[in-house]
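# below are the sequence and a predicted model; questions follow.
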Amino acid sequence: MRENKKTTQPLSIFELKEVSKTYDQLPALENITIRVPEGHWIGILGESGSGKSTLLQIAARHLDADKGAAFLHGKELPHVGSQLLKGHPKIKLVHQEFHLFPGQTVRENIAYPIRLERPAYVAQRTNELIELAGLEEVRNQKAKTLSGGEKQRTAIAMALSELPDLLLLDETFAHLDGLNRSRLTRLFQQLKARERQSCIFVTHAPTEAMDWADSLIVLRKGKIVQSGTPIEVYDLPVSAYVAELTGNVNWLDKTGRKFIRPEKVRVSRQEPVGPHMTGRIRHTHFRGLHWEYSCELENGLWWVVYRLRNDLKPDQTVYLRFSEKDTRHIK
Ligand code: ADP
Ligand code: MG
C-alpha cells in the first residue's frame, strides 16, 4: 500500500492561514499561507516593500491581519487588538535594529527576559546562551561597546532566553562581514540541532537565504510567487524576478525567458573549437573565494562569469561556452 504523504509530514508548530493585510487601501499582503514544521527554518525573500516585515509583525502578534488566522500548535491565536499586551510569550521577533539595553552587560541583557525565574536557572540558561552565541569573551561588556556582529548575536540570544517556540528574524543580519556571517551560521546550525528551534527569517541576500533555509518563500507585492527548497527555487525559478532575487543571471536573449547561471559558464582566453560566444571583459570584482567579471557580449548582452584566478583584464576578449542542458526557460 502506498503511504499517504500527508501523515509523514512533520506537524506544523506555527501556521498563517490565508492572511491578508491592507494599509490605507493598499494591499501589503494577499492570501498568505505558511506552515512552519518543528525545527524548520523558512527564509522569506523579496524586494523592498514586498511585505516581508508586515508578515513577521503579524506572525509575532504585533499586528492584526485584516483576514485570515494564525495558529500555534494547532490552536488559533486571539486577535492582537483584543489583548492587553501585544506579542506572544512563545513567539520572539528580533528586529533589524536590535533593542538592547545599552548600559547593561551582555549577560544582563540575555538574562533580562527571564529575570523573574529562579536565580540558578537564570544563571544556567544565560551561560548556555552565551556559549551558544559565542559571546564568552564579551559577556561582561556593556552592550553599547559591542561590535555590530556581537550586538546581533546578543539580540538573538536575548530572544532565545525564554525558549520561544518560534523565532522571527527581520533582516537581523544585514551588513554582516564574513567572520560574523560564519559565526551566525554556526549559531543557527546549533540552534537547529540542539534546540530544535523553528524560525522564519527575512532577508534580501540570496546567500543567506540559500544557506540557512530549509524552505524558501519568495514574496512580490504581498503575494507568494514561489516556494520550495532553496535548490528548487534557485534552479527552477518561475519568473525573472525570482531568478534575479536568488542569484546572478545571464540572459540568453532579450526576452528575459532563457538564462544560464554564471557558474555553468566556462570562460577561456583562447578561442575554442565548437560553439561558443565572444565577449569583452568590462569590470572585475574580487569576491574572496572567486573573481567575478562583467562581460559585454557581441550581441549586446551583459553577462557575469566567475573564475578562481584574477587572470582576465578589462577590454580583453574572452570566449564563453556552456552546455544546453544547463540553460533554463521561464514559462
Ligand atoms: P518589506 O519589509 O518587504 O520591505 P513592508 O512589510 O515593510 O515590506 O511593507 C510592505 C508595504 O506596506 C510597503 O508598500 C510599505 O510602504 C507599506 N507599509 C508598511 N508599513 C506600513 C504602515 N505602517 N502604514 C502604511 N503603509 C505601510
Ligand atoms: Mg522590511
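Great, that's in hand. Numbering: from 1, shown residues only. Ligands and ions are numbered 1, 2, ... in the order given.
# contacts, neighbours, all on C-alpha from now
Fine.
# state the three-state secondary structure for Pro27.
Recorded secondary structure, Pro27: strand (DSSP: H, G, I helix; E, B strand; the rest coil).
# what residues does the helix or strand where Thr154 lies touch?
Per DSSP states H and E: Thr154 is located in helix 148-160. Helix 148-160 has contacts (Cα atoms under 8 Å, 6 or more residues apart in numbering) with 92-94, 98-100, 106, 109-113, 129-130, 133, 135, 143, 167, 172-173, 176, 180, 184.
# got it, and stretch 172-186?
94-98, 133-134, 148-149, 152-153, 203, 212.
# what ranges do the helices span in the protein?
Along the chain, counting by DSSP state H, helices occupy 5-8, 52-59, 106-111, 119-132, 148-160, 178-195, 206-212, 230-235, 240-246.
# winner for burial among these?
Across those, the average number of neighbours (mean count of other Cα atoms under 10 Å) peaks for helix 106-111, which reaches a mean of 26.
# ligand 1 contacts on this protein?
23, 28, 48-54 (Cα under 6 Å from any ligand atom).
# any chance of the residues you listed in JSON lines, plus pLDDT?
Formatted as JSON lines, the residues of the chain next to ligand 1 follow (pLDDT from 0 to 100):
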{"residue": "Tyr23", "pLDDT": "96"}
{"residue": "Ala28", "pLDDT": "97"}
{"residue": "Ser48", "pLDDT": "93"}
{"residue": "Gly49", "pLDDT": "94"}
{"residue": "Ser50", "pLDDT": "96"}
{"residue": "Gly51", "pLDDT": "97"}
{"residue": "Lys52", "pLDDT": "96"}
{"residue": "Ser53", "pLDDT": "95"}
{"residue": "Thr54", "pLDDT": "97"}
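# taking those, tell me the two that lie furthest apart.
Greatest spacing in the residues of the chain next to ligand 1, by Cα to Cα: Tyr23 and Ser48 (15.9 Å).
# tell me the mean pLDDT over stretch 224-240?
Averaging pLDDT along stretch 224-240 gives 96.
# oh, that last question was meant for stretch 166-185, not what I typed.
Across stretch 166-185, pLDDT averages out at 81.
# CA-only coordinates of it in PDB, if you can.
Taking C-alpha atoms only, stretch 166-185 is exported to PDB below (Å, rounded to 0.1, in the frame of the first residue of the first chain):
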ATOM      1  CA  LEU A 166       9.000  30.400  17.100                       C
ATOM      2  CA  LEU A 167      11.900  32.700  16.400                       C
ATOM      3  CA  LEU A 168      11.400  35.500  13.800                       C
ATOM      4  CA  LEU A 169      14.300  37.400  12.400                       C
ATOM      5  CA  ASP A 170      13.800  40.500  10.300                       C
ATOM      6  CA  GLU A 171      17.000  41.200   8.400                       C
ATOM      7  CA  THR A 172      18.800  40.800  11.600                       C
ATOM      8  CA  PHE A 173      22.000  40.100   9.600                       C
ATOM      9  CA  ALA A 174      22.100  43.000   7.200                       C
ATOM     10  CA  HIS A 175      25.700  44.300   6.700                       C
ATOM     11  CA  LEU A 176      27.400  41.300   8.300                       C
ATOM     12  CA  ASP A 177      31.100  40.700   7.500                       C
ATOM     13  CA  GLY A 178      32.400  37.200   6.600                       C
ATOM     14  CA  LEU A 179      33.500  36.300  10.100                       C
ATOM     15  CA  ASN A 180      30.300  37.300  11.700                       C
ATOM     16  CA  ARG A 181      28.300  35.600   9.000                       C
ATOM     17  CA  SER A 182      30.000  32.300   9.600                       C
ATOM     18  CA  ARG A 183      29.600  32.700  13.400                       C
ATOM     19  CA  LEU A 184      25.900  33.300  12.900                       C
ATOM     20  CA  THR A 185      25.700  30.300  10.500                       C
END
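# now find how far off-centre it is within its chain.
Relative to its parent chain, stretch 166-185 has a centroid offset of 9 Å by Cα atoms, centre = their mean, to the nearest Å.
# cool, stretch 190-197 as well?
That offset, for stretch 190-197, works out to 17 Å (Cα atoms, centre = their mean).
# which residues are contacting that stretch?
The contact list for stretch 190-197 (Cα under 8 Å, 6+ apart) reads 38-40, 132, 165-167, 198.
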